[in-house]
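1. I would like to see how this sequence folds:
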Amino acid sequence: MITAKAFAGKHYAVYGLARSGIATIEALLASGAKVTAWDDNPDARAKAEMCSCEGRSPLLDPRLRGDTGFNEIGAFDSLVLSPGVPLNRHPIAQAARAAGVEIIGDIELFARARPELPPHKVVGITGTNGKSTTTALIHHILKTAGVPTTMGGNIGLPILAQEPLPEGGVYVLELSSYQIDLTQSLDCDVAVLLNITPDHLDRYESFEAYAASKARLFEMQTSTHTAVARSADWWGKGAQEKSKAGHLDVFDDAFHNWQAESGAIGVFEQPQWPSLQGPHNLLNVSAAMSTCYLLGLGGEQIRDGLRTYPGLPHRMERIREKDGVLFVNDSKATNAEAAAPALAAYSKVRWILGGQAKTESLGDTEAQLGHVVKAYTIGEAGPMFARLLRDLAVPAEECETLEIATNRAAEDSLPGDVVLLSPASASFDQFRDFEARGDRFRELVEGL
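-> Purely as a prediction, here's the structure:
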């Protein structure tokens, strides 16, 4: 794990004991800090009780419960919050502010531990869509090129739970706005902004406030470091006025730059990147290429990474090809905006969609319906989606369950078709989460 002498002797309150909270407790205890922790979930508290280091254990203190009013929060040096705790309305955040106690997260602890780590670099990736793919892609390209690297933040293992990298290593961090809100001093060598579209507005006063949260990743940079962004997002959201980075790299021009400099990597190569199909992935690739170029990699190293990138589970994940039909799991697409890029990536789609819809419209997917041969609807929103699609002359079959839809789509398919699970809906009407839905689809496809 990542520890730091800077934490020794301090008293931290850790509130929220999911994976990052447990990793935070363990890292702080191993660093010689005192930890008081709480979570309203008794199962989470039970996991925290198992944490110990050299005779030190966290104190699970009910004074951190909401019904106490958090009157004693001023006794702590810092309050370490889970990113899932809403800063804008949770009473513990309000009490900490009133008591003058700093509110931070595990990413800020990592930032404070950096001076004690072997010399390294940090890449931070934020944006509304594409963060996980871009983070995993940069990590994969670096790893393929032989660079010591790990990824964390909003993906994979919590960063404090990971072993420090050797000298020359690169930490690649996916950062949500919630995590950035809890971070004060993360000076990324390369900070990447992919895009900003309306999201999480229950946590922010306005879209502008949400965009400003993302832009703080650039505000924390120093003048020797580089910001990477699409020009439309960079100039359109005012981030350039706040950035302290010494250089801006505009990644929507990356392909042009690479072709001019190396004559090597271009959009015409996308068919050779099986897990990076669709126009949205061209932007993810452009951001990753720009970042890896800034980290000193060459064109052939980047090309090798693009060709061998395996993709992420539930994000346009290629499950199987059977009798000329490709089956793709895009269960992570829980709204229409997320489903549209998958539809755009393939020309003959048998589309499985439905679940708990977030809106009663087809949203951005409507522009891609020319790619849909037939739709197979499931779940609570199935009848609604079927009606909307039929109104637009798209054949739609109401299947109710994922099992029926998968079997019917497979039976109907011809060579060259793509059976795509991209539900444009949440999963909670029939599944625990989108992962469970995607795992079930994989089981069904593998059983065909």
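
2. Quick check, Arg442 in contact with Val328.
-> No: applying Cβ atoms under 8 Å, one finds Arg442 not in contact with Val328, separated by 10.7 Å. Quick note: C-beta positions are derived from backbone N, CA and C, even for glycine.

3. So between the two, which is more surrounded?
-> Each of Arg442 and Val328 has its neighbours counted (other Cβ atoms under 10 Å); Val328 has more, 24 against 19.

4. For the stretch 151-300 of the chain, give me the ranges with low pLDDT.
-> 198-200, 231-243, 246, 252-264 (pLDDT under 70).

5. if we can go back for a sec, okay, and the common contacts of Arg442 and Val328?
-> Ile319 (Cβ atoms under 8 Å, 6 or more residues apart in numbering).

6. tell me what the longest helix seen in the chain is packed against?
-> Secondary structure assigned by DSSP state H gives helix 279-294 as the longest helix of the chain. The contact analysis (3 or more Cβ pairs under 8 Å, 6 or more residues apart in numbering; DSSP states H and E) places helix 279-294 against helix 131-144, strand 190-193, strand 226-229, helix 254-262, helix 299-308, helix 336-345.

7. Return the list of helices and strands in contact with the following helix or strand past the first one.
-> Sequence order places strand 149-153 as the next helix or strand after helix 131-144, per DSSP states H and E. Other elements packing on strand 149-153 under the criterion 3+ Cβ pairs under 8 Å, 6+ apart are helix 131-144, strand 169-174.

8. what's in contact with the last one?
-> Here strand 169-174 makes contact (Cβ under 8 Å, 6+ apart) with 107, 110, 118, 120-126, 131-132, 135, 138-139, 142, 147-155, 159, 165, 188, 295.

9. switch the cut-off to 6 Å
-> With Cβ atoms under 6 Å, 6 or more residues apart in numbering as the test, strand 169-174 has contacts from 120-125, 131-132, 135, 138-139, 142, 147-149, 151-155.

10. cool, and stretch 60-74?
-> 36-38, 45, 91-92, 95-96, 99, 101.

11. Of the residues you listed, just the buried ones, PyMOL syntax please.
-> Buried residues within the contacts of stretch 60-74, by 16 or more other Cβ atoms under 10 Å, are selected in PyMOL with:
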select buried, resi 36+37+38+92+95+96+101
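
12. Let me have the contacts of stretch 60-74 in CSV, adding pLDDT as columns.
-> Supplementary listing: the contacts of stretch 60-74 in CSV, determined by pLDDT from 0 to 100:
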residue, pLDDT
Thr36, 92
Ala37, 92
Trp38, 90
Arg45, 88
Pro91, 90
Ile92, 92
Ala95, 92
Ala96, 94
Ala99, 93
Val101, 96
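
13. Using CSV, write out every CA atom in the strand or helix carrying Leu248.
-> Taking DSSP H and E as the definition, one finds Leu248 inside strand 247-250. C-alpha atoms of strand 247-250 as CSV (Å, rounded to 0.1, in the frame of the first residue of the first chain):
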residue,chain,number,x,y,z
HIS,A,247,1.1,24.0,-22.1
LEU,A,248,-2.1,23.0,-23.7
ASP,A,249,-2.3,20.1,-26.1
VAL,A,250,-5.5,19.9,-28.1
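
14. Within the sheet, what are the partner strands of that strand, with directions?
-> Paired strands of strand 247-250, with direction, are strand 226-229 (parallel) (DSSP bridges).

15. Report the buried residues of the partner strand.
-> 226-229.

16. Between those residues, which sits nearest Tyr210?
-> Lowest distance from Tyr210 to these (Cβ to Cβ) belongs to Ala229, with 16.0 Å.

17. The closest one bridge partners, please.
-> Here Ala229 sits in beta bridges with Leu193, Val250, going by DSSP bridges.

18. if I look at it, how far off is Asp189?
-> 15 Å (Cβ to Cβ, to the nearest Å).

19. just Val267 next, same as before
-> 27 Å.

20. Ok, Ile92 next?
-> For Ile92 relative to Asp189 (Cβ to Cβ), the value is 33 Å.

21. Likewise for His90?
-> His90 is 33 Å from Asp189, by Cβ to Cβ.

22. Could you do Glu317 as well?
-> Glu317 is 30 Å from Asp189, by Cβ to Cβ.

23. now swap in Ala93 and tell me
-> Distance, Ala93 to Asp189, by Cβ to Cβ: 30 Å.

24. next one: Lys322
-> In terms of Cβ to Cβ, Lys322 sits 44 Å off from Asp189.

25. Neighbour count: those two, which is higher?
-> Neighbours were counted for Lys322 and for Asp189 using other Cβ under 10 Å; Asp189 has more, 20 against 14.

26. what's stretch 380-389 in contact with?
-> 353-354, 356-357, 362, 375, 377, 396, 398, 425, 429.
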